[in-house]
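Engineer: Predicted model, plus sequence, below.
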Amino acid sequence: MKSRPKVAVVGLGIGRGHAAAAAKNPKADLTALCDTDKQRLAANCKEFGVKEAYTDYKKMLRQAKPDIVVVALPNVLHAPVTVAAINAGAHVLCEKPMAMNTQQAQKMADTARAKKKKLMIDFSYRFMPEAQALKNIVDTGAVGDIYYARTTWHRTRGIPWFGPWFSQKDKSGGGPLIDLGVHRIDLAMWLMGNPKPVTASGSTYDMLGKELAKKANKKFDVEDLALAMVRFDNGATMLVDISWAINCERSEEMASYLYGTKAGICHRNVGEGYKFEAYIFGEWDGTYVTSKIKNLPPAMNPVDHFIDVVTEGTKPIATTQHGVDVMKVLDGIYKSARLGKEIRI
Ligand SMILES: NC(=O)c1ccc[n+]([C@@H]2O[C@H](COP(=O)([O-])OP(=O)(O)OC[C@H]3O[C@@H](n4cnc5c(N)ncnc54)[C@H](O)[C@@H]3O)[C@@H](O)[C@H]2O)c1
């Protein structure tokens with residue numbers, strides 16, 4: 001694309017940050033914003049100096065004619081809005097999870113391919129300096145073949161009531177697995193080199209969430225804990241455990257451990273918050289070493305990266321197929337938990 005792309009953001013919760021990035025990006029113009037919440041819409045338009053405000057995304061696509069649409073809506077709207085935006089001629093950066101299920105994700109991918117448009121899922125954890133550093137190390141071959149991954153996100157009490165839809169299955173597609181697990185599963189699979197998932201064996205529980213929802217006067221019909229074992233076509237195995245509510249030690253624990261033939265690596269949060277660190281461990285010259293990675297690349301922003309993908313043909317950090325494969329894992333775990341047996345993905 002030669003001229004400066006017009007960017008539109010739909011959904012201004014987390015989308016506010018995407019609007020801020022697009023407004024600052026020197027290679028693109030943030031020209032339109034859309035949200036059904038008129039107050040939120042007006043506040044964002046004022047903050048970012050955007051003149052075109054819409055409460056209806058279809059009207060926005062028709063009138064604003066954006067080149068890039070950032071979809072930051074409740075999960076149930078990811079597929080319909082993405083497909084509509086691509087059909088209207090836009091490239092799309094869509095928030096995670098890609099969709100509610102694999103069928104929808106595949107439709108999004110097929111539409112992008114048919115219309116020759118870029119479609120990237122915001123797997124934002126890949127963009128962190130610590131994750132980028134680990135990926136660079138893996139790509140040198142220093143970790144060897146990764147044959148085992150253990151990926152976790154536990155919250156003692158962390159059901160996101162701020163978005164009223166998160167705990168409603170018809171709007172979210174599921175609970176912590178599709179909300180938080182998607183990040184940790186994607187990060188692990190990416191560091192493993194994106195092998196193809198072949199089977200899943202999962203369990204889900206809702207032992208605490210329902211009671212917490214009753215007290216908070218909220219609807220809750222999803223899991224509060226998901227556990228799984230996923231096998232890949234290269235023989236590797238991934239263990240997954242993810243919760244919004246569990247009686248565990250730390251209020252927020254995120255960690256992905258990848259075990260390779262030459263070394264192990266880890267990406268995890270520090271303390272209880274969103275500060276991260278990366279480690280490599282293994283035996284070198286007869287000494288077993290655990291080493292914190294200090295040489296970190298600068299942080300990247302997914303919106304800036306996607307603008308480069310569209311304007312400069314930069315290779316996307318996350319391909320559309322990665323989005324579909326992660327969706328297959330999420331679907332597989334839910335299906336296995338429902339049926340009570342291991343299933344083929
Ligand atoms: N990548 C990340 O780290 C990350 C972080 C948070 C959220 N997310 C994802 O981003 C998406 C949005 O999450 P959120 O936390 O911002 O939710 P939210 O509920 O806070 O915000 C969603 C916004 O969409 C608006 N909206 C709803 N229906 C609409 C419609 N039909 N047309 C236009 N606007 C509409 C709502 O008014 C609201 O402002 C979710 O898919 C979530 O999983 C990703």
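Structural biologist: That came through fine. All figures in this text were calculated on a predicted structure; none of them were measured in a lab. Residues are numbered from 1 along each chain as shown.

Engineer: Which positions in stretch 138-155 come out as buried?
Structural biologist: Across stretch 138-155, burial judged by 16 or more other Cβ atoms under 10 Å covers 138, 143, 146, 149, 150, 151, 152, 153, 154, 155. All C-beta atoms are positioned from the backbone trio N, CA, C, and that covers glycine.

Engineer: okay if I get those as JSON lines plus distance to residue 234, pLDDT and secondary structure?
Structural biologist: Converted to JSON lines, these look like this (distance: Cβ to Cβ, whole Å; pLDDT from 0 to 100; DSSP: H, G, I helix; E, B strand; the rest coil):
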{"residue": "138", "distance to residue 234": "14", "pLDDT": "98", "secondary structure": "helix"}
{"residue": "143", "distance to residue 234": "14", "pLDDT": "98", "secondary structure": "coil"}
{"residue": "146", "distance to residue 234": "9", "pLDDT": "98", "secondary structure": "strand"}
{"residue": "149", "distance to residue 234": "12", "pLDDT": "98", "secondary structure": "strand"}
{"residue": "150", "distance to residue 234": "17", "pLDDT": "98", "secondary structure": "strand"}
{"residue": "151", "distance to residue 234": "17", "pLDDT": "98", "secondary structure": "strand"}
{"residue": "152", "distance to residue 234": "22", "pLDDT": "98", "secondary structure": "strand"}
{"residue": "153", "distance to residue 234": "24", "pLDDT": "98", "secondary structure": "strand"}
{"residue": "154", "distance to residue 234": "28", "pLDDT": "97", "secondary structure": "strand"}
{"residue": "155", "distance to residue 234": "31", "pLDDT": "97", "secondary structure": "strand"}
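
Engineer: Which of these lies at the shortest distance from the ligand?
Structural biologist: residue 153 (11.7 Å; Cβ to the nearest ligand atom).

Engineer: What's the separation between the closest residue to the closest one other than its chain neighbours and residue 92?
Structural biologist: With sequence-adjacent residues excluded and distances taken as Cβ to Cβ, 6 or more residues apart in numbering, residue 153 is closest to residue 180, at 4.3 Å. Distance, residue 180 to residue 92, by Cβ to Cβ, to the nearest Å: 23 Å.

Engineer: same check, this time on residue 20
Structural biologist: In terms of Cβ to Cβ, residue 20 sits 19 Å off from residue 92.

Engineer: Between the two, tell me which one has more neighbours.
Structural biologist: Legend: neighbour count by other Cβ atoms under 10 Å for residue 20 and residue 92, higher for residue 92 (27 against 17).

Engineer: you'd agree that one is in a helix?
Structural biologist: No: read with DSSP: H, G, I helix; E, B strand; the rest coil, residue 92 is strand and lies in no helix.

Engineer: bridging residues for it?
Structural biologist: residue 69, residue 119 (DSSP bridges).

Engineer: any idea how far it is from the ligand?
Structural biologist: Residue 92 sits 13 Å away from the ligand, taking Cβ to the nearest ligand atom, to the nearest Å as the criterion.

Engineer: now residue 196
Structural biologist: 24 Å.

Engineer: That residue and residue 232 touch, don't they?
Structural biologist: Yes: with contact defined as Cβ atoms under 8 Å, residue 196 and residue 232 form a contacting pair (6.3 Å).

Engineer: neighbour-wise, which of these two wins?
Structural biologist: The neighbour comparison of residue 196 against residue 232 (other Cβ under 10 Å) goes to residue 232, with 23 against 12.

Engineer: so who does that one touch?
Structural biologist: 192, 195, 196, 197, 198, 238 (Cβ atoms under 8 Å, 6 or more residues apart in numbering).

Engineer: now the helices for the stretch 101-250 of the chain?
Structural biologist: Remark: helices assigned in the stretch 101-250 of the chain by DSSP state H, counting those that start in this stretch are 102-115, 129-140, 169-172, 176, 182-191, 209-216.

Engineer: pLDDT below threshold where in the protein?
Structural biologist: By pLDDT under 70, the low-scoring segments of the chain are 1-2.

Engineer: Is stretch 36-43 in proximity to the ligand?
Structural biologist: Yes: with Cβ under 6 Å from any ligand atom as the criterion, the ligand is reached by stretch 36-43 at 36, 37, 40.

Engineer: To clarify, my last question referred to stretch 159-174.
Structural biologist: Yes: using Cβ under 6 Å from any ligand atom, stretch 159-174 reaches the ligand at 162, 163.

Engineer: That stretch: how far from the chain's middle?
Structural biologist: For stretch 159-174, the separation from the chain centroid amounts to 16 Å (computed by Cα atoms, centre = their mean, to the nearest Å).

Engineer: Buried residues in it, which are they?
Structural biologist: Quick answer for stretch 159-174 (16+ other Cβ under 10 Å): 159, 160, 165, 166, 167, 168, 169, 171, 172, 173, 174.

Engineer: Many thanks, I have nothing further to ask.
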